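**Q** Provide a 3D model corresponding to the input given below.
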Amino acid sequence: MTTKQGSLVLKTDLYQDGTRTTISVKFSTVGLKIFFNARHIYLSISAKERCWFEFLCEDVGRHGIVYIGKEQEEAFVQHASQISGGSIKINVKTMNNFTRKLVGKGLLLKTNDSGVFYINPKYVQLTTAQKREEDLKFLFHQAEIGNIDVRKLIDRPLEEILEPVKTT
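**A** Numbers count the residues shown, from 1 in each chain. I've put the predicted structure just below:
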């Protein structure tokens, strides 16, 4: 087993039709953990929108931050064409619609800063359960200071969670 940055090369013996062959298979070590509570969202978005979301997840920064701009949109359009052998064509102008839908569904959390978003760890995570908890705490803090909408992080209506403040 050989490890390169972002990949794992596994060497193994393959027996087929009585012949032994040593093969090397390259695997990516970077991936998403999609939590079961995201299924309803994945059923409501298109394959292209999901591919865009996963493309964004590949370039995630600390605490799940992603930057979306013309450069990322153009790179995705080119990537989609390349991996589909040119059969899938996406217009850069539709990328804003993809992003808006992902925000509306709660997969992306929009910040007050233009082009800055967070991947919602409520639904997907790129690392460990401990990191997910740390990221959720960080994002709840971001919601406290008004940088993101807390309703996309919680599992029931905000009104049910908030207790009236008692005044004396």
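
**Q** show me what contacts T99?
**A** 52, 68, 108, 117 (CB atoms under 8 Å, 6 or more residues apart in numbering). (Each C-beta comes from the backbone N, C-alpha and C, glycine too.)

**Q** look up how far G115 lies from it.
**A** Using CB to CB, to the nearest Å, T99 is found at 10 Å from G115.

**Q** between those two, which contacts overlap?
**A** In contact with both T99 and G115: I68, using CB under 8 Å, 6+ apart.

**Q** would you map out the domains in this structure?
**A** Split into domains by automatic domain parsing, the chain comes to 1-30, 33-68+99-150.

**Q** wait, F98 sits on R50?
**A** No: counting by CB atoms under 8 Å, F98 stays clear of R50, with 9.5 Å between them.

**Q** ok, now how distant is the residue positioned nearest the centre of the chain from N120?
**A** Nearest to the geometric centre of the chain sits C57, at 3.8 Å (CA atoms, centre = their mean). Plainly put, C57 is 11 Å away from N120 if you go by CB to CB.

**Q** in the lengthiest helix in the chain, what counts as buried?
**A** What stands out as the longest helix in the chain, according to DSSP state H, is helix 129-144. For helix 129-144, the neighbour count (16 or more other CB atoms under 10 Å) marks 132, 135-136, 138-139, 142-143 as buried.

**Q** ok, stretch 84-104 next?
**A** For stretch 84-104, the neighbour count (16+ other CB under 10 Å) marks 90, 95, 98-99, 101-103 as buried.

**Q** point out the least confident one among the buried residues of helix 129-144.
**A** pLDDT across those is lowest for R132, at 71.

**Q** pull the contacting residues for that one.
**A** For R132, the contacting residues are 121, 125, by CB under 8 Å, 6+ apart.

**Q** how about the helix or strand E73 falls within: buried residues?
**A** Assigning secondary structure by DSSP states H and E places E73 in helix 70-83. For helix 70-83, the buried set under the neighbour-count rule, 16+ other CB under 10 Å, comprises 72-73, 76-77, 79-80.

**Q** I'd like the next helix or strand past that helix.
**A** Using DSSP H and E, the helix or strand that follows helix 70-83 in sequence is helix 95-105.

**Q** after that following helix comes which helix or strand?
**A** Note on helix 95-105: by DSSP H and E, the next helix or strand toward the C-terminus is strand 108-110.

**Q** return the list of strands paired to that next one, each annotated with direction.
**A** Paired neighbours of strand 108-110 in the sheet (DSSP bridges): strand 116-119 (antiparallel).
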